[in-house]
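Undergrad: structure, please.
(chains A and B)
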Amino acid sequence: MTPIIIFIPAILSAPFFPAIILKVKAFFGGKKGPPLLIQYYTLAKLFKKGSVYSTSTTYIFKLGPMVSLSAALTALMFLPISGAAPLFSFKGDVLFVLYLLGLGRFFTIAAALDTASPFEGMGAAREAYFPIICEATTFMIFILFYRLTGELTLASFFYGNHPLELWRVAGAPLAFVVTAFFIVLLTENARVPVDDPATHLELTMIHEVMVLDHSGPDFGFIEMGSFCKLFFYAAIVSRLVFPFDLGHPAMNLAAFSLIMLLIYAAVGVIESVMARYRMDRVPKFVLTSFALAFVATIITLEFVK
Amino acid sequence: MKIKFITIKNGEAVPRNRIPHLAFDDFRNDALTIVGSGGNVVQFFVYPDTGGSLKMLAVLRSGNSLLTAGCDAPEIWPSFTAVHPPFNLFEREIAEQFGITPDKHPWLKMVRYHANYRGADDVFGNDYTQDIPGNYPYYAVKGEEIHEVAVGPVHAGVIEPGHFRFNCIGERVLHLEIQLGYQHRGVEQLLLNAPPLRFPIIGEGIAGDTAIGHSLCMAQAMEALSGIVPDPGARIVRTIALELERIANHIGDLGALSGDVAFLPVANYCGRMRGDFLNMSLLMCGNRFGKGLIRSGGVRFSPTNEDRGILSRRIKELKPQVEHTIDLLFSASSVRARFEGCGPVPTEDARKLGLVGPAGRGSGLSYDVRRCFPTEHYDRLDIPENLETGCDVYARARVRADEVLQSINMIQSLLRFPVETSCVQPNGFSMAPSSFTVTVNEAWRGEVSHAVLTDEEGKLLRYKIKDPSFHNWNALAMALRDTGISDFPLNNKSFNLSYCGVDL
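TA: Residues are numbered from 1 along each chain as shown, chains lettered A, B, ... in the order given. Modelled structure (predicted):
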């Protein structure tokens, strides 16, 4: 099966899953919630609109959404979605993908600063701060995987039943890694308890506030980019929690979709049962993920020796 | 030193010649003494007497008594605020309305941005042909890492217009300056020329979320001046209406607080239950905010026994839901982590600023008009102290939650017996000439007060309105000091002050 056959539907389904989060949150709030295809309607609405640009912005502002979307799309090309072979893979692509996502963030921040709005500056400062800790966590996790597999490609970690191999060698400490990666997922994708994607209060926002000035198709790109990014992290987590290769690509895909639904539902449950952290407590929460990854690495490496 | 202020009752008409007219220095000394020894300002305003000369009048409270006296208003006077901060907004308001100056006022700036009533030179040097907020230099902090954030007057949510200027270092707020006035409608001046039949309509529009609180104050003032006495049944209906307003607003705010920390279940439940309580007001008078219910002389609608039954049933059904939701909010550790220690206004500061209402009670000031100056049916109800000493968002939320539960019990007990009242028809009335009355009531935000002066012909000479927010806005600025800027919405919601109630 050619990787592109997995890749295209994966991208197309990325806006579907976030609706699960909304549905779960609505359920907890005793409401019906929006339709499952809400994000497609939103995207269609945004792409039909025109864009408004502030006179104080430059081409950087227009570049931001496109770069962040392309970065997220490209990153997904290296990921073995549902354990199938990725579109591309080369030695060291782990670092490439990490910095690709970093590039996307850099342009989002640059575009936010370009507006010269005090809100967006604040959001940019927060957005630049928290993911630094996430990066440390992700690096720690990939260092561990590298020591376990001796390879440095996403494919070698997540292709087929390779994750099962990770579990076999590392054992229980990999549960720490899964937790750590889930925290990274919440932080990187601006979910509760780090950020609140539903708030209208500019002063409390992290990610949302940086994109306040984007409108129409530009905002559509940003939304699509964030759907893909969330999909990217959720797909990795799904490979870790369901490391099996069922033999047939269709069965793998079905299992993968189910696990993805559960992961998104878990995000929804977390958003429903807890309040978000105070801004100055967020680093501690994110640092927990680093601590978990670090402990997992130390324990595992001792046994691997 | 003997205080020359005299004691008056809440909602009592006093002939104006009974109010001591003091020399300014005596007036100032006495006022400062009263406020300095634990009292607070209820009303402090200037009015043009029939001869055209400006007179000052103050109503202060000390313990369980209301004290009043007047004096001639000087063109320039040594500021009261410089000694006791509770006079702050009152003095600024006087300066704005009549173009006279409190000398050495620590921060003399406009309140609502309008030209003064006399056409005298503007105290603030504003050019009122310019757009709001005019040419005003905001308080600024300078430094390498200082940044300024301007929020409003147009906000992202559906809220009233107000401008907030934050001086921050990183995430930490050094100072917050609040500028209101965007909704100035000239209510006080409007009342002077309106026919008495229109008074209640204007009164209900002073602050839409406190329609009952303000219309009750207004009705009581008109009753005092015209000698009409409402029957006991009407008093009960008004008490129920005021408590329903309190419940609906407190529940709405608890939900909003919950929403601000992204704790959705409670936010959703509260949003729905607020509607349920508003619908009870709808059942009582045909308006969800209680507009059209209270008129001088009584109420326009009397609940039938069937209405009582429906209300009792609804409350019985809602009570466990309210209890459960409040429990859910305060038992969630992640919510408590956000509420506790956030935006503290220590008791000492609260006393100096003269806070009222739930905000004051959350900061350890037990003052509650329902206990200290009971009107309507409150003298027969047992109002607990509701004191919290945490002084933070948690304390303010807790006070509101406690009040909701108490109010529900109050309404339940009031609904137990049939209410008999003859509904009043709107008709004209004549006010006693040369009289003065002041009414205070505990609306959901705290002490609402109306003061009315009539001239020799029984016409309105001055109608002074004070919303509790007038006392409390500065507390929000204080709460924000040294607090993270991302906690502003949470603090703002914990006070939930009125913009239009201040803008008038």
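Undergrad: got a pLDDT number for the closest residue to chain B within the stretch 1-150 of chain A?
TA: The stretch 1-150 of chain A approaches chain B most closely through residue A:29 (3.5 Å), counting by C-beta to the nearest C-beta. C-beta coordinates here come from the backbone N, C-alpha and C atoms, glycine included. On the pLDDT scale, residue A:29 is placed at 85.
Undergrad: tally of neighbours for the residue nearest to it when sequence neighbours are not counted?
TA: Closest residue to residue A:29 apart from its sequence neighbours, by C-beta to C-beta, 6 or more residues apart in numbering or on different chains: residue B:268 at 3.5 Å. Around residue B:268 there are 21 other residues, counting by other C-beta atoms under 10 Å in any protein chain shown.
Undergrad: likewise for residue A:127?
TA: There are 21 residues near residue A:127, going by other C-beta under 10 Å.
Undergrad: do you know how far it is from residue A:205?
TA: Separation of residue A:127 from residue A:205 (C-beta to C-beta, to the nearest Å): 10 Å.
Undergrad: do the same with residue B:82
TA: 40 Å.
Undergrad: ok, now residue B:498?
TA: To residue A:205, residue B:498 is 26 Å away according to C-beta to C-beta.
Undergrad: coming back round to it: residue B:82 and residue A:205: which has the busier surroundings?
TA: Set side by side, residue B:82 and residue A:205 show more neighbours around residue A:205, with 25 against 16, by other C-beta under 10 Å.
Undergrad: dump the residue contacts of the more buried one.
TA: Neighbouring residues of residue A:205 by C-beta atoms under 8 Å, 6 or more residues apart in numbering or on different chains: A:119, A:123, A:195-196, A:199.
Undergrad: picking up where we left off before, correct me, but the residue nearest to residue A:29 touches residue A:30?
TA: Yes: counting by C-beta atoms under 8 Å, residue A:30 is a contact partner of residue B:268 at 5.9 Å.
Undergrad: now residue 74. Nearest residue, chain neighbours left out?
TA: I went with chain A, as the question did not name one. Residue A:74's closest residue in space is residue A:100 (C-beta to C-beta, 6+ apart), at 5.7 Å.
Undergrad: you looked at the wrong chain, it should be chain B
TA: Ranked by C-beta to C-beta, 6+ apart and with sequence neighbours excluded, the top spatial neighbour of residue B:74 is residue B:24, at 5.7 Å.
Undergrad: which residue is the nearest non-sequential neighbour of residue 264?
TA: Assuming you mean chain A. With C-beta to C-beta, 6+ apart, the residue lying closest to residue A:264 is residue A:20, at 4.1 Å.
Undergrad: sorry, should have said chain B
TA: Excluding the flanking residues, the one nearest residue B:264 by C-beta to C-beta, 6+ apart is residue A:29, at 5.1 Å.
Undergrad: relative to chain B, how far out is the residue nearest in space to the middle of chain A?
TA: Residue closest to the average C-alpha location in chain A (C-alpha atoms, centre = their mean): residue A:230, at 3.2 Å. According to C-beta to the nearest C-beta, to the nearest Å, residue A:230 and chain B sit 17 Å apart.
Undergrad: the residue nearest to residue A:264: helix or strand, and which one exactly?
TA: helix A:18-28 (DSSP states H and E).
Undergrad: now swap in residue B:452 and tell me
TA: Residue B:452 belongs to strand B:446-454 when assigned by DSSP H and E.
Undergrad: the helix or strand just after that strand pairs with which strands, parallel or anti?
TA: Proceeding C-terminally, strand B:446-454 gives way to strand B:460-466 as the next helix or strand, assigned by DSSP H and E. Using DSSP bridges, strand B:460-466 pairs in its sheet with strand B:446-454 (antiparallel).
Undergrad: then the strand it pairs with to CSV, C-alphas only?
TA: What follows is strand B:446-454, C-alpha atoms only, in CSV (Å, rounded to 0.1, in the frame of the first residue of the first chain):
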residue,chain,number,x,y,z
GLY,B,446,-24.0,45.7,48.0
GLU,B,447,-25.4,49.0,49.3
VAL,B,448,-27.5,50.9,46.8
SER,B,449,-28.6,54.3,47.9
HIS,B,450,-30.8,57.0,46.5
ALA,B,451,-31.0,60.5,48.1
VAL,B,452,-33.8,62.9,47.2
LEU,B,453,-34.2,66.6,48.0
THR,B,454,-37.3,68.6,47.2
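Undergrad: could you pull up the mean pLDDT of it?
TA: 92.
Undergrad: what's the nearest residue to residue 82 if we skip its chain neighbours?
TA: Defaulting to chain A. When the adjacent residues along the chain are set aside, residue A:82 lies closest to residue A:256, with 3.5 Å between them (C-beta to C-beta, 6+ apart).
Undergrad: you answered for a different chain; I wanted chain B.
TA: Per C-beta to C-beta, 6+ apart, closest to residue B:82 is residue B:104, 5.2 Å.
Undergrad: the one you found touches residue B:76, doesn't it?
TA: No: between residue B:104 and residue B:76 there is no contact under C-beta under 8 Å: 9.9 Å.
Undergrad: neighbouring contacts of stretch A:45-61?
TA: The set of residues external to stretch A:45-61 that reach it, using C-beta under 8 Å, 6+ apart, is A:62, A:107, A:110-111, A:114-116, A:213-220, A:223.
Undergrad: just those: which are in helices?
TA: A:62, A:107, A:110-111, A:114, A:216-220, A:223 (DSSP state H).
Undergrad: JSON lines please, covering these and showing neighbour count and distance to residue B:235.
TA: Output for those, formatted as JSON lines (neighbours: other C-beta atoms under 10 Å in any protein chain shown; distance: C-beta to C-beta, whole Å):
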{"residue": "A:62", "neighbour count": "15", "distance to residue B:235": "66"}
{"residue": "A:107", "neighbour count": "21", "distance to residue B:235": "66"}
{"residue": "A:110", "neighbour count": "16", "distance to residue B:235": "65"}
{"residue": "A:111", "neighbour count": "29", "distance to residue B:235": "62"}
{"residue": "A:114", "neighbour count": "22", "distance to residue B:235": "62"}
{"residue": "A:216", "neighbour count": "16", "distance to residue B:235": "58"}
{"residue": "A:217", "neighbour count": "17", "distance to residue B:235": "62"}
{"residue": "A:218", "neighbour count": "24", "distance to residue B:235": "61"}
{"residue": "A:219", "neighbour count": "20", "distance to residue B:235": "56"}
{"residue": "A:220", "neighbour count": "22", "distance to residue B:235": "60"}
{"residue": "A:223", "neighbour count": "20", "distance to residue B:235": "57"}
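Undergrad: before we move on, the earlier item: that's a strand at the residue nearest to residue A:29, yeah?
TA: No: applying DSSP: H, G, I helix; E, B strand; the rest coil, one finds residue B:268 to be helix, outside a strand.
Undergrad: which residues in the stretch 1-150 of chain B form helices?
TA: For the stretch 1-150 of chain B, the helices defined by DSSP state H, counting those that start in this stretch cover B:24-36, B:88-98.
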